[in-house]
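[1] coords below, sequence missing:
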């Protein structure tokens, strides 16, 4: 197995993370950079009825996610320079980050959805099919 130079740990702060973080740490070799990324999806807001999304609502979500990301990264020994929060479509932002930062492995969680939920798509599936590098989907339990 080849040694990776830059692993991207693409996380969902609302899911079971320990197995995903542990797998990325195990795969990280000497001299390998490990980045942690969380993508905040824009707050869905019925603009036709209420106008545009109030900036304070979106900012509150972003601020909360920054705190969660920093805590996870600190517990995982990931430097603040290697913690990233982006806003937009998760799969697109993960692909973009991976391309721009020469990532050679993306590690992320997957809930192993079946049936209609699988047909409707998932972030892990979208990342897998659009990535230009290796992708490891770590099976995690769904939050109950």
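    That came in fine, so what should we check first? Computed from a prediction, not measured in an experiment: that's the story for all the values here.
[2] Give the buried residues for stretch 74-93.
    By neighbour count on 16 or more other C-beta atoms under 10 Å, the buried set for stretch 74-93 is 76, 78, 82-85, 90-91, 93. Glycine gets a C-beta too; all of them are placed from N, C-alpha and C.
[3] okay if I get these as CSV plus distance to residue 31 and secondary structure?
    Putting those into CSV (distance: C-beta to C-beta, whole Å; DSSP: H, G, I helix; E, B strand; the rest coil) gives the following:
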residue, distance to residue 31, secondary structure
76, 18, coil
78, 15, coil
82, 14, helix
83, 20, strand
84, 20, strand
85, 25, strand
90, 28, helix
91, 29, helix
93, 26, helix
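[4] nearest to residue 15, of those?
    Nearest to residue 15 among the buried residues of stretch 74-93 is residue 90, at 12.0 Å by C-beta to C-beta.
[5] Now the closest residue to the closest one other than its chain neighbours, what are its backbone angles?
    Distance criterion C-beta to C-beta, 6 or more residues apart in numbering; nearest residue to residue 90, sequence neighbours excluded, is residue 39 at 4.2 Å. Dihedral angles of residue 39 (phi, psi; degrees, to the nearest 10) stand at phi -110, psi 120.
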